[in-house]
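Colleague: Generate a structure from the sequence data that follows.
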Amino acid sequence: MIYMMTYGSSIEISFIYPVINSLIEVFMLVFSVINADLYGAYLWRYRSFYISFLTGSILFVLINLLVKKDIEKRYRILRIANPLFAVFSYAWSLALSYSDSTINGFYSPVLFMTFSLAIALSVFMLPYEYILVSGSADVMFIAIIVIRNEVEMSIINMIIFIIFQIMLGISLIHMKIKLSEKTKEAEERIDKELTQAARIQASFLPRENPPFPDRKEFELFASMVPAKEVGGDFYDYFFVDKDHLALVMADVSGKGIPAAMFMAMAKTQLRQCVFSYKTDVARAMEEANTELSKDNDEMMFVTIWLGVVDLTTGHVDYVNAGHEYPAISRAQEGFKIYEGVHGPFAAAVSGTKYTAGSFELAPEDILFQYTDGITEATDADENMFREERMIEALNKDITASVEDIDAAVRSSVAEFVKDAPQFDDMTTLEFKYKGAVQ
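Modeller: Now for the predicted structure:
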């Protein structure tokens, strides 16, 4: 905005516009505090805009107080002040327009041409003429008015000022709509990409149900529900040879796309190592850890439980790299946590040594493995589900199928957390040993 008064303006008339403008800019500052979300990323710029013009209005009031009724002195001051205010307004308009155009593509060359013309006019016009120049985002308003008397000037001042404030509001709303549209488009694109990523990740996990239907020595079921569209948990099962079945449960640090990418790499690497070392699960884990530690600039890590079951005897060789202890149901006695051998998580330090453990499964024994998304699921009061509730859910019916046992655990978790948001993936694996086929 550029303020200009007539040559013969009285002190009372000179006060009207800057005083009211000061009040309006104070109102806009308060509005920006109460409705900060409406401005979004533009909040700081518009607050600076309001503060700048509030300062200008206050200076104008002070100038009028200084010169009082000395018309000649006011004339000289206005001859200097008018071009300065023109340059000030022009600089603000350029800054707002440029930043808006780089982000939203609102820029129009007409804006720059018009303000350039306004500066030239303000420099050469005498104080008895009035110019108002205002710009905001992609909306601007320019009025060049020749003032003939004080009453006309006062009325026009008020009308133009109201129009400017209305246009500023329209500009802000329009900008917000444009930003919302662009944000919605970006969110839809991200959602689409995440959905595709989730499908790709799901394709990495075994999905047959039941898996290996021609094998009668066991029942097997596993599932994974990511906290986000994609997650870092994974499970795996595959035959090392015709009599040995590998079972894997793992949890990658972090969430989202980075964890999903690291998960895919860890799953592939672990498979290769198990095929190389077969039942020597400690060596397999050591090799996988070495490979995953290479070029791990993001310092991600993964907890892994790896077991290889001899289907002819029920013997299980396992290694635990920082993962949860499994729960085992033996001889119809119900599930209990099996605290066996435990080692450090993988992918953090190359050269880590692991110790293998072993246990026996008798016919009808069930192995349940899971990630901490189950036990650390929280309700609205931030209470955790914990192992005790998990064991209680597992023991509701230990004669049920492995799929029904899995459903009982997940149902119990859902009933506990209700509508509380969850921040960790929930992955489970149930293996029931049926005994060697005669």
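Colleague: Count the neighbours of Phe431 for me.
Modeller: Using other Cβ atoms under 10 Å, Phe431 has 24 neighbouring residues. (C-beta placed from N, C-alpha, C; glycine too.)
Colleague: My read is that it contacts Val309, right?
Modeller: Yes - between Phe431 and Val309 there is a contact under Cβ atoms under 8 Å: 7.2 Å.
Colleague: Kindly point out which residues are neighbours of both of these two.
Modeller: Common neighbours of Phe431 and Val309, using Cβ atoms under 8 Å, 6 or more residues apart in numbering, are Phe218, Leu247.
Colleague: what about the helices in this protein?
Modeller: 11-34, 36-39, 43-67, 71-104, 109-124, 150-204, 256-277, 281-293, 372-375, 386-394, 402-417 (DSSP state H).
Colleague: any weak-confidence spans in this protein?
Modeller: Across the chain, residues meeting the criterion (pLDDT under 70) sit at 1-18, 20-21, 38-42, 64, 67-179, 194, 197-198, 201, 228-230, 438.
Colleague: Counting neighbours, what do you get for the closest residue to Val402 other than its chain neighbours?
Modeller: Leaving out its chain neighbours, the residue that sits closest to Val402 by Cβ to Cβ, 6 or more residues apart in numbering is Glu430, at 3.8 Å. Glu430: 24 surrounding residues under other Cβ under 10 Å.
Colleague: Name the residues linked to Glu430 by a beta bridge.
Modeller: Phe221, Phe368 (DSSP bridges).
Colleague: mind listing what it touches?
Modeller: By Cβ under 8 Å, 6+ apart, the residues touching Glu430 are Glu219, Leu220, Phe221, Ala222, Ile366, Leu367, Phe368, Val402, Glu403, Ile405, Asp406.
Colleague: And for Gly343?
Modeller: Met285, Val319, Asn320, Ala321, Gly322, Thr352, Tyr354, Thr355.
Colleague: wait, doesn't the second one sit right on Val281?
Modeller: Yes - the pair Val319 and Val281 qualifies as a contact (Cβ under 8 Å) at a distance of 4.4 Å.
Colleague: overlap in contacts of these two?
Modeller: Joint contacts of Val319 and Val281 (Cβ under 8 Å, 6+ apart) are Leu306, Ala356.
Colleague: Which segments of the chain make up each domain?
Modeller: 11-184, 206-433 (automatic domain parsing).
Colleague: Could you count how many residues lie near Gly314?
Modeller: Considering only other Cβ under 10 Å, Gly314 is surrounded by 19 other residues.
Colleague: Check Asp381 too.
Modeller: Neighbours of Asp381 (other Cβ under 10 Å): 6.
Colleague: cool, Tyr370 as well?
Modeller: Tyr370: 27 neighbours (other Cβ under 10 Å).
Colleague: What of Thr378?
Modeller: Going by other Cβ under 10 Å, the residues that sit close to Thr378 add up to 16.
Colleague: May I have the beta-bridge partners of it?
Modeller: For Thr378, the beta-bridge partners are Met384 (DSSP bridges).
Colleague: still on that earlier bit, show me which of the contacts of Gly343 are buried.
Modeller: Buried by 16 or more other Cβ atoms under 10 Å: Met285, Val319, Asn320, Ala321, Gly322, Thr352, Tyr354, out of these.
Colleague: biggest separation within those residues, which pair?
Modeller: Asn320 and Thr352 (12.8 Å; Cβ to Cβ).
Colleague: For Gly314, give its distance to Lys336.
Modeller: According to Cβ to Cβ, to the nearest Å, Gly314 stands 17 Å off from Lys336.
Colleague: Equivalent analysis for Tyr318, please.
Modeller: Taking Cβ to Cβ, one finds Tyr318 at 16 Å from Lys336.
Colleague: now Val281
Modeller: Val281 is 23 Å from Lys336, by Cβ to Cβ.
Colleague: neighbour count winner among the two?
Modeller: Val281 (24 against 13).
Colleague: residues contacting that one?
Modeller: Taking Cβ under 8 Å, 6+ apart as the test, what Val281 contacts is Val274, Leu306, Gly307, Val308, Asp317, Tyr318, Val319, Ala356.
Colleague: and the contacts of Gly343 as CSV, adding distance to Asp214?
Modeller: Shown next, in CSV, are these (distance: Cβ to Cβ, whole Å):
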residue, distance to Asp214
Met285, 30
Val319, 29
Asn320, 30
Ala321, 32
Gly322, 35
Thr352, 38
Tyr354, 33
Thr355, 35
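Colleague: quick one: contacts for Ile325?
Modeller: In this structure residue 325 is Tyr, not Ile. Ile337, Tyr338, Glu339, Gly340, His342.
Colleague: From Phe49, how far out is Gly56?
Modeller: Distance from Gly56 to Phe49, by Cβ to Cβ: 11 Å.
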